[in-house]
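**Q** show me how the following folds:
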Amino acid sequence: MDELKILYDRQIYEGERSAYKLRWFILLFLIPMAVSQYFISDSKKAAFYFVVLLLIALIYNFTLSRLFKTVTYYKVIMYISVTIDSLLLSAGYFISSLSQNPVIIASTALIMLYPLIIFFSGIRFNKILVIYCTVFSVLTFNFAFYIRYPSIDPALLKSMEINISMDQVYKSFYMLLFGVLTLIMPDSVYKLLKKQSRLLDEKHKAELDKNIEEQKRSFLEQQFYRFVSKEIAESILNDQSVLASKKVYISAMFIDIRGFTKYVYENEPKLVIDFLNHFYTICGNCIKKYDGFINKYIGDSVFAIFGAPNYLSNPSEAALKCAKDIAAEFHRQNAEILEKYNFTCEIGIGLNYGDAIAGNIGTDIKLEYTALGNVINIASRLEKMNKELETNILFTGDLKQKIQDKEIQDKIRILGKHSIRGIEEKLELYTLIS
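**A** Here you go, the predicted model:
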């Protein structure tokens, strides 16, 4: 509705400007007539008054042109302008009657300017203004006529074939009828603008919805293309309901670099960052290979989940195979990493399976998909226990029970029950034989 009001107000403003331009045209058309009247009229005084009146009208119209450039009160200006238009026309009608018989004046083209003034009010597209202009024009027209009516020669009136009083009534009626017809204009324009506003609203809403969808897709692309395989990212983008907050069963994985703090202090920043990026690349490629989701990078650690947001039939087996490949890859590259990055890289990986709450968390400033729950806390603590138990991979019995691959099962070694910080009962822990 605000847009409709703006459009309607703009149309009123444009209508007032159009009336002002038409007024210039009429005034410039009447000036030669007034000048010629001065030279051919029997009453020089009346002709002079008429010329002066037109000059006043010109000054008035010029003043309006200045107001349009300096003020925005065109709604007030339009009432003032139709009032002055009617008054000037009635004054011109009255002055003309000083030099000619009012009966003759009543039949001239000057009378036809009253409907034109009413039409002027119509192009402002304001119904109240049209009603005001019509009533005021009829009143001033009749006032100008009847103030001169007593001066008409009674003998002339008797010789006329028409009743001058009734003729005046007819003219007033026609002016009122013209005003009623002019009222159709604001209604038609308002309906047209309302339709235009509705179309603009629909177009704006469609564009807004499109922009929102593009922003959402852009956000999702940024969030998922970097952390999951292209196929899974496309699947998530095509069905965003998978991102809804819900309870899921996942395998959580934490990967950490041992001795990294000392390495940071002993080496140049560029070398440290280059090695860290190489570490992330190895981990990221393996996680994507097994359809996992890289949830976040935490300093020299990687947190990944398997089973959300994309469904996996056996997230535990995918996570354990991924951990095995990551450990094997770093073992294979140890000599190269030592030579290139001046670092003997040893990693620890903690894994666990269980239920978690997954979904988008954050604010409008930063939003991310993540998982929360005890399953994740335990996986994080297992990763830290690798050094103590002299292992590279640690996982719980909950995860071990889901392993179906015979080759992987044969490489699992039980480590017994161990206490885990934050957990009351001891948990059975397992590792993989290198």
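
**Q** in the stretch 301-434 of the chain, which spans are strands?
**A** With DSSP state E, counting those that start in this stretch as the criterion, the stretch 301-434 of the chain has strands at 301-306, 347-362, 367-372, 393-396, 412-418, 427-432.

**Q** packing partners for the last one?
**A** Spelled out, that is strand 427-432. Packing partners of strand 427-432 (3 or more C-beta pairs under 8 Å, 6 or more residues apart in numbering; DSSP states H and E): helix 315-332, helix 374-389, strand 393-396, helix 397-400, strand 412-418. Any C-beta I mention is one placed from the backbone N, CA and C, and that applies to glycine too.

**Q** what's the angle between the first one and strand 427-432?
**A** Computed by axes from the mean of the first three to the mean of the last three C-alpha atoms, to 10 degrees, the angle separating helix 315-332 from strand 427-432 equals 50 degrees.

**Q** residues contacting helix 315-332, please?
**A** With contact meaning C-beta atoms under 8 Å, 6 or more residues apart in numbering, helix 315-332 is reached by 249-253, 255, 282-283, 286-287, 289-292, 304, 306-307, 312, 337, 345-347, 349, 351, 353, 392-393, 395, 399-400, 402-405, 408, 411, 432, 434.

**Q** what about the helices and strands packed on strand 427-432, which gets the closest to residue 58?
**A** helix 374-389 (84.9 Å; C-beta to C-beta).

**Q** relative to strand 427-432, how tilted is that closest one?
**A** Helix 374-389 and strand 427-432 meet at an angle of 60 degrees, taking the same axes, to 10 degrees as the criterion.

**Q** got a list of contacts for helix 374-389?
**A** By C-beta under 8 Å, 6+ apart, the surrounding residues in contact with helix 374-389 are 250, 252-256, 258, 301, 303, 305, 348-356, 392-396, 415, 418, 420-423, 427, 429, 431.

**Q** got the domain boundaries for the chain?
**A** With domains defined by automatic domain parsing, the chain comprises 2-198, 229-432.

**Q** list phi and psi for residue 390.
**A** Residue 390 adopts backbone torsions of phi 60, psi 50, taken as degrees, to the nearest 10.

**Q** and it, how far from residue 346?
**A** With distances taken as C-beta to C-beta, to the nearest Å, residue 390 is found 11 Å from residue 346.

**Q** and the pLDDT for residue 143?
**A** Reported pLDDT at residue 143 in the predicted model: 83.

**Q** burial measure for the residue nearest to residue 344 when sequence neighbours are not counted, as a count.
**A** Nearest residue to residue 344 in three dimensions, chain neighbours excluded: residue 338, at 5.6 Å (C-beta to C-beta, 6 or more residues apart in numbering). When neighbours are counted by other C-beta atoms under 10 Å, residue 338 registers 12.

**Q** check residue 338 and give its pLDDT.
**A** 93.

**Q** any idea which helix or strand comes after the helix or strand bottoming out on mean pLDDT in the chain?
**A** Sorting the helices and strands of the chain by mean pLDDT, DSSP states H and E puts helix 102-105 at the bottom, at a mean of 50. Scanning forward in sequence from helix 102-105 by DSSP states H and E, the next helix or strand is helix 113-122.

**Q** give me the helices and strands touching that next one, please.
**A** helix 2-40, helix 74-99, helix 127-146, helix 164-182.

**Q** now the spatially closest residue to residue 121 that is not a sequence neighbour: how far from residue 63?
**A** Nearest residue to residue 121 in three dimensions, chain neighbours excluded: residue 133, at 3.7 Å (C-beta to C-beta, 6+ apart). Distance, residue 133 to residue 63, using C-beta to C-beta: 20 Å.

**Q** looking at the two now, which is surrounded by more residues?
**A** Between residue 133 and residue 63, counting by other C-beta under 10 Å, residue 133 is the more crowded of the two (28 against 9).
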